[in-house]
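S.K.: I would like to see how this sequence folds:
(chains A and B, ligands or ions: 2)
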Protein chains: 2
Amino acid sequence: MGVLRRTSRDIRSDSRLDVLHAVLSAGETTRNEIAQATGLSTATVATVVGELIAEGIVAETKVTVGRIGRPTATLGMNADRGRVVGIDVAETYVSAVMFDTALNQIASVEDTRDEQDQDPDSVVEGIGRVLDRVLEENGVSRRDVLGVGVALPGLVQGPSGVSVVVPHWTWHRVELDRLRERLGLPLVIDNPLRVIATAELWLGRGRYCSSMATINLGTGVGAGIVLEGRVLRGATNSAGEWGHSLLVLDGRPCRCGRRGCVEAYIGAPGIQQTLREIDPTHPLADLELQRDFIAAMAEAADGPEPDPAVRETIARTAYYLGSALADLVAVVNPEIVTLTGWTTWALGDHLLLPTREHVREQAPGRSAHDLQLVVSTVGGNSVATGVATIALERFLADAGLLTTQIPIAL
Amino acid sequence: MGVLRRTSRDIRSDSRLDVLHAVLSAGETTRNEIAQATGLSTATVATVVGELIAEGIVAETKVTVGRIGRPTATLGMNADRGRVVGIDVAETYVSAVMFDTALNQIASVEDTRDEQDQDPDSVVEGIGRVLDRVLEENGVSRRDVLGVGVALPGLVQGPSGVSVVVPHWTWHRVELDRLRERLGLPLVIDNPLRVIATAELWLGRGRYCSSMATINLGTGVGAGIVLEGRVLRGATNSAGEWGHSLLVLDGRPCRCGRRGCVEAYIGAPGIQQTLREIDPTHPLADLELQRDFIAAMAEAADGPEPDPAVRETIARTAYYLGSALADLVAVVNPEIVTLTGWTTWALGDHLLLPTREHVREQAPGRSAHDLQLVVSTVGGNSVATGVATIALERFLADAGLLTTQIPIAL
Ligand SMILES: [Zn+2]
Ligand SMILES: [Zn+2]
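M.R.: Ligands and ions are numbered 1, 2, ... in the order given. Have a look, this model is predicted:
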């Protein structure tokens, strides 16, 4: 038990992260622009850029000679340094997304999963299969892959090691070792909540605000929390499980075993339950696949004659979501809340305005008056993007450029 | 909008805080012991101790000459450097506690407040009166007071300045200026939640864990959150308003205007409401003064034949508290949760064990299995203690020894 303190090493690491983020977000930039964007001195920027160029992460893309002064080099990420793959293991699908080292998406493949199959071996094999496919279909050799990241729902860490316990899976070290063997590449695994926070930190709005929560809306729901440029992990790596905080004491049963969790109301099955309560005979009330259901909801709400039960369901969902977000604002009081995940991509336009009003009404005092509640600018599968970013982070850490808090690198 | 970063100046400030904390918590110590306790180098400790001695904050209390080597100086806080006063403005009372510079409590006075009186002028006068009394009754001159801290419930900060909006008060800058004039001493004001977190950080367990929440149980309830040695303030200085997060959507009306807040169930009036629901004719159900009610509950639960309605009320309160704490564990996932406040001092022994079980059952996965849920070691009025600590912090900041994040120094 000691005092926790950032060392000077961490400050160097922070400077490199700041520079990397500036290059990533600008696409093309210069040393001077980086200094302006980061607040670092030009000398520090020059040193850090030199280190990143030496490692092949950043490259000078062109040199412009102005009328006066020294020539200016344009900098960008060296996209062809290698490939990283992010794998999102969700309840209903497993998806592999391949990125270049500038974190541009190159290709993706997806398999549906049997929602009932909780056997670790078949999950491991499913992950292996999408990785193999995304590499083969794009002619990428394993030698060119710098790392693979896998996001596993419910990952927690305790004194007895690592395990995966939410929603229904029980994994321990042995299954994780099996995963590492199956993939045969440098591997990081993390919880989807930490992962979406990392995506928002590297590619979205997280690095430029004092505090942010990114809300993932899908089968499960949860919050990735970023405070002062760092992802909140918590004592057992399970911070952000806002989806399993209460909306209604002793309310609807949740698949985590508790009753009344936020997820039981605004997870995709919860939204379907709301529709069932409003109209038990509604044709969408018994659609089997969750993403089909959410897509059908969006379609029914968008048409020229919107379905009244669907509209009522969306209105109630916004009330539930706004109430639950007001709780998050009460406890964490973030500057920004971003929404992500496939329910957001389908229903976000319908949910955003009423949700914003409910948050303002219900959050304490004026804590939500200046809150920015927006759809995330990290589009697509932010879980895959985030965990690929962590794989890249791990590569940079192994190269001695960063100190990171990656919980599990295998 | 720039990147947030700790500067080397902050690291020096951190080292001084670490050393101060080590001296405060040890009572008597040596430079070597400080180096061991803080993980700082002996050279850094020697420098910092020198600075603190020069400012009269730390003193060498005796010098021991051993058989070999150089003499060893015993260090302690210089208790007589001056006095600081912490003032706790609660709904039912206003209390002033005077401390020496070693943060030992010297004296306190308390006035009851009319719970209905929300006029800022009378609150200002009430604060002035307890300050005058605690100084006069103890023969302390204003010249010897280094600073005064005032904890005001519901203090928030926004782009339009500072205001006090929860529970029912509306204060703006003009009332705060009036307070500063009335007191005539260096003044800091802060929210009770940030204040109890500061007390736990300086005098309790906050500095030696990665994350902690301190729960205040009184008329209102709330959480002071400490992450990696720093108090979480939030974008509008209102982080930790866990008391106004939901226990039951659309449940009991809360005095904040929302329905179903945690506070409406476990604040003192909420506990009385629970008793009323269990036994509407119970003699304690209509006791007027909240602290009398809580004290009577403790007495009725302690006797040889405990009152069954009182026991049932305590059992339900533990269920409500445990459920609400499980939500806090889900979102923030702290290592330690400490309980403080006058309801804790009266009923903590009855609440602790059942609450602990409810938290473990309801928090996600194993996130609460290793959670330490304990009564705070910062006894007495931790709000007054915490805000006196902030007043001392402000004095040290004015002396150039610390950089702090005190939101309002007047
Ligand atoms: Zn749940
Ligand atoms: Zn409330």
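S.K.: what residue ranges in chain A score low on pLDDT?
M.R.: A:1-11, A:154-171, A:404-410 (pLDDT under 70).
S.K.: Quick check: residues of it near ligand 1?
M.R.: A:244, A:254, A:256, A:258, A:261 (Cβ under 5 Å from the ion). All C-beta spots, glycine's among them, are computed from the backbone N, C-alpha and C.
S.K.: Of the residues you listed, which is the nearest to ligand 2?
M.R.: Nearest to ligand 2 out of the residues of chain A next to ligand 1 is residue A:261 (Cβ to the ion; 20.3 Å).
S.K.: quick revisit: got the residues of chain A next to ligand 1 as a markdown table, with secondary structure and distance to residue B:273 columns?
M.R.: Shown next, in a markdown table, are those (DSSP: H, G, I helix; E, B strand; the rest coil; distance: Cβ to Cβ, whole Å):
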| residue | secondary structure | distance to residue B:273 |
| --- | --- | --- |
| A:244 | helix | 27 |
| A:254 | coil | 27 |
| A:256 | coil | 29 |
| A:258 | coil | 24 |
| A:261 | strand | 25 |
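S.K.: Neighbours of residue A:122, how many?
M.R.: Residue A:122 has 12 neighbours, counted by other Cβ atoms under 10 Å in any protein chain shown.
S.K.: could you measure it against ligand 1, distance?
M.R.: Note on residue A:122: its distance to ligand 1, by Cβ to the ion, to the nearest Å, is 24 Å.
S.K.: again, but for residue A:23
M.R.: Residue A:23 is 40 Å from ligand 1, by Cβ to the ion.
S.K.: Angles on the backbone of residue A:84, please.
M.R.: The phi/psi pair for residue A:84 (degrees, to the nearest 10) reads phi -130, psi 150.
S.K.: beta partners for it?
M.R.: residue A:99, residue A:147 (DSSP bridges).
S.K.: these two touch, right, it and residue A:394?
M.R.: No - Residue A:84 lies out of contact with residue A:394 (Cβ atoms under 8 Å); the separation is 9.3 Å.
S.K.: Identify the residues contacting the residue of the stretch 101-250 of chain A found nearest chain B.
M.R.: Nearest residue of the stretch 101-250 of chain A to chain B: residue A:234, at 2.5 Å (Cβ to the nearest Cβ). Contacts for residue A:234 (Cβ atoms under 8 Å, 6 or more residues apart in numbering or on different chains) come out as A:240, B:211, B:332, B:333, B:334, B:367.
S.K.: Also residue A:178?
M.R.: A:120, A:121, A:124.
S.K.: next one: residue A:115
M.R.: Contacts of residue A:115 by Cβ under 8 Å, 6+ apart are A:91, A:92.
S.K.: next helix or strand past the host helix or strand of residue A:179?
M.R.: In the assignment (DSSP states H and E), residue A:179 maps to helix A:173-183. Once helix A:173-183 ends, the next helix or strand along the chain (criterion: DSSP H and E) is strand A:187-190.
S.K.: hmm, the next helix or strand after that next one in reach of chain B?
M.R.: Sequence order places helix A:192-203 as the next helix or strand after strand A:187-190, per DSSP H and E. No - using Cβ under 8 Å from any Cβ of the partner chain, we find that helix A:192-203 stays clear of chain B, coming within 10.4 Å at best.
S.K.: Report all helices and strands that the helix or strand following helix A:192-203 contacts.
M.R.: For helix A:192-203, the following helix or strand on the C-terminal side (DSSP H and E) is strand A:211-217. Counting contacts by 3 or more Cβ pairs under 8 Å, 6 or more residues apart in numbering or on different chains; DSSP states H and E, strand A:211-217 packs against helix A:192-203, strand A:221-227, helix A:308-332, strand A:336-340, helix A:342-362, helix A:382-398.
S.K.: would you list those in JSON lines and tack on mean neighbour count?
M.R.: Output for those, formatted as JSON lines (neighbours: other Cβ atoms under 10 Å in any protein chain shown):
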{"stretch": "helix A:192-203", "mean neighbour count": "29"}
{"stretch": "strand A:221-227", "mean neighbour count": "29"}
{"stretch": "helix A:308-332", "mean neighbour count": "23"}
{"stretch": "strand A:336-340", "mean neighbour count": "25"}
{"stretch": "helix A:342-362", "mean neighbour count": "19"}
{"stretch": "helix A:382-398", "mean neighbour count": "27"}
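S.K.: Any chance of TSV for the ones you listed, columns distance to residue B:294?
M.R.: Converted to TSV, the helices and strands packed on strand A:211-217 look like this (distance: least, Cβ to Cβ, whole Å):
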stretch	distance to residue B:294
helix A:192-203	38
strand A:221-227	34
helix A:308-332	24
strand A:336-340	37
helix A:342-362	28
helix A:382-398	47
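S.K.: Could you take the ones you listed and lay them out as CSV, with extra columns for distance to ligand 2?
M.R.: Converted to CSV, the helices and strands packed on strand A:211-217 look like this (distance: least, Cβ to the ion, whole Å):
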stretch, distance to ligand 2
helix A:192-203, 26
strand A:221-227, 21
helix A:308-332, 9
strand A:336-340, 20
helix A:342-362, 9
helix A:382-398, 33
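S.K.: For residue B:298, which of these is the nearest?
M.R.: helix A:308-332 (28.7 Å; Cβ to Cβ).
S.K.: Over in the stretch 1-150 of chain A, which residue gets nearest ligand 1? Let me know.
M.R.: residue A:91 (13.5 Å).
S.K.: so what's that residue closest to, chain neighbours aside?
M.R.: residue A:219 (4.6 Å; Cβ to Cβ, 6 or more residues apart in numbering or on different chains).
S.K.: gap between the one you found and residue A:312?
M.R.: Plainly put, residue A:219 is 22 Å away from residue A:312 if you go by Cβ to Cβ, to the nearest Å.
S.K.: With residue A:60 instead?
M.R.: Taken as Cβ to Cβ, the span from residue A:60 to residue A:312 is 57 Å.
S.K.: can you check residue A:375 too?
M.R.: Residue A:375 is 23 Å from residue A:312, by Cβ to Cβ.
S.K.: Determine the residues that are contacts of both of residue A:84 and residue A:394.
M.R.: With Cβ under 8 Å, 6+ apart as the test, residue A:84 and residue A:394 both reach A:147, A:149.
S.K.: what sits against the residue positioned nearest the centre of chain A?
M.R.: Nearest to the geometric centre of chain A sits residue A:196, at 1.4 Å (Cα atoms, centre = their mean). By Cβ under 8 Å, 6+ apart, the contact list for residue A:196 reads A:214, A:216, A:224, A:340, A:341, A:378, A:382, A:383, A:386.
S.K.: Kindly indicate which of those residues lies nearest residue A:147.
M.R.: residue A:386 (13.5 Å).
S.K.: Need the distance between the two termini of stretch A:362-381.
M.R.: End-to-end distance of stretch A:362-381 (Cα to Cα, to the nearest Å): 30 Å.
S.K.: Pull out the buried residues from it.
M.R.: A:362, A:363, A:364, A:365, A:366, A:367, A:368, A:371, A:373, A:376, A:378, A:381 (16 or more other Cβ atoms under 10 Å in any protein chain shown).
S.K.: again, but for stretch A:101-112
M.R.: Going by 16+ other Cβ under 10 Å, stretch A:101-112 has these buried residues: A:101, A:102, A:103, A:105, A:107, A:108, A:109, A:110.
S.K.: Show the backbone phi and psi for the closest residue to residue A:320 other than its chain neighbours.
M.R.: The spatial neighbour of residue A:320 that comes closest, neighbours along the chain excluded (Cβ to Cβ, 6+ apart), is residue A:265 at 4.3 Å. Dihedral pair for residue A:265: phi -110, psi -30, per degrees, to the nearest 10.
S.K.: Can you give me the distance of residue A:61 to ligand 2?
M.R.: 55 Å.
S.K.: I figured that residue was touching residue A:30, is that so?
M.R.: No - Residue A:61 lies out of contact with residue A:30 (Cβ under 8 Å); the separation is 10.6 Å.
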